[in-house]
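Undergrad: output the structure for:
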Amino acid sequence: MAITKARTRKGVTPVVATSLLLLISVATVSSSAIFLSGTIDDVGEGVKDRLGVDSQRENAELSIDYGYNGSDGDIWLDITNDGSITLALQEDSVDLWNFYIDGQKVNNWGYAYGLPSQNAINPGDTVTIDTNRSYPYLTNSKTVTLRGQYETSSSIVCSNSNGEQSC
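TA: The predicted model follows:
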């Protein structure tokens, strides 16, 4: 009879293997949850910001109430915040109000009256703007457009027909 030497196996027992697999699974799920929670927070903040901007767009309204030939011969405009929120004129030194006359941007407009406090116009307030562009001559007209914060806009046509000026 031959004597055979028994082989000794070295390896991981099934209990240890199962424990290792469970630990790896828990670590994977935990790290995924941490990664995704940051992403979900970012998406949630983006949605809140978007809803805030949409609400502000709904509550923002500017109107050119009246245009006329100012004391310096330029087109002057009375502009009112008809919305329910305060509208900024500038943000980080960037103009949020832009004026266009016959499609050309007006870069050097200023305030004739009603200089707003803190670069904003409150609901119901009116300011008078000097466009620094001459009022239309006889038989001519000019279309003035204001584009403001939150996609607000208003337009007016100023004309000089037979010596009668109107906006």
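Undergrad: list the residues that contact the residue nearest to T131 when sequence neighbours are not counted.
TA: Closest residue in space to T131, ignoring its immediate chain neighbours: I75 at 4.6 Å, by C-beta to C-beta, 6 or more residues apart in numbering. The C-beta positions use only the backbone N, C-alpha and C, and glycine is treated the same way. When contacts are counted by C-beta atoms under 8 Å, 6 or more residues apart in numbering, I75 touches 67-69, 101, 131, 133-135, 142, 144, 158, 167.
Undergrad: can you add distance to A112 and give these back as TSV?
TA: Supplementary listing: the contacts of I75 in TSV, determined by distance: C-beta to C-beta, whole Å:
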residue	distance to A112
G67	12
Y68	10
N69	12
I101	16
T131	10
R133	13
S134	15
Y135	13
K142	17
V144	14
C158	15
C167	14
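Undergrad: drop anything exposed from the residues you listed.
TA: Listed as buried from the contacts of I75 are 67-69, 101, 131, 133, 135, 142, 144, 158, 167; burial here means 16 or more other C-beta atoms under 10 Å.
Undergrad: could you pull out the helices in the protein for me?
TA: In chain order, the chain shows helices spanning 14-59, with DSSP state H as the criterion.
Undergrad: and the lowest mean pLDDT element among the helices and strands of it?
TA: The element with the least model confidence among the helices and strands of the chain, by mean pLDDT, DSSP states H and E, is helix 14-59, at a mean of 74.
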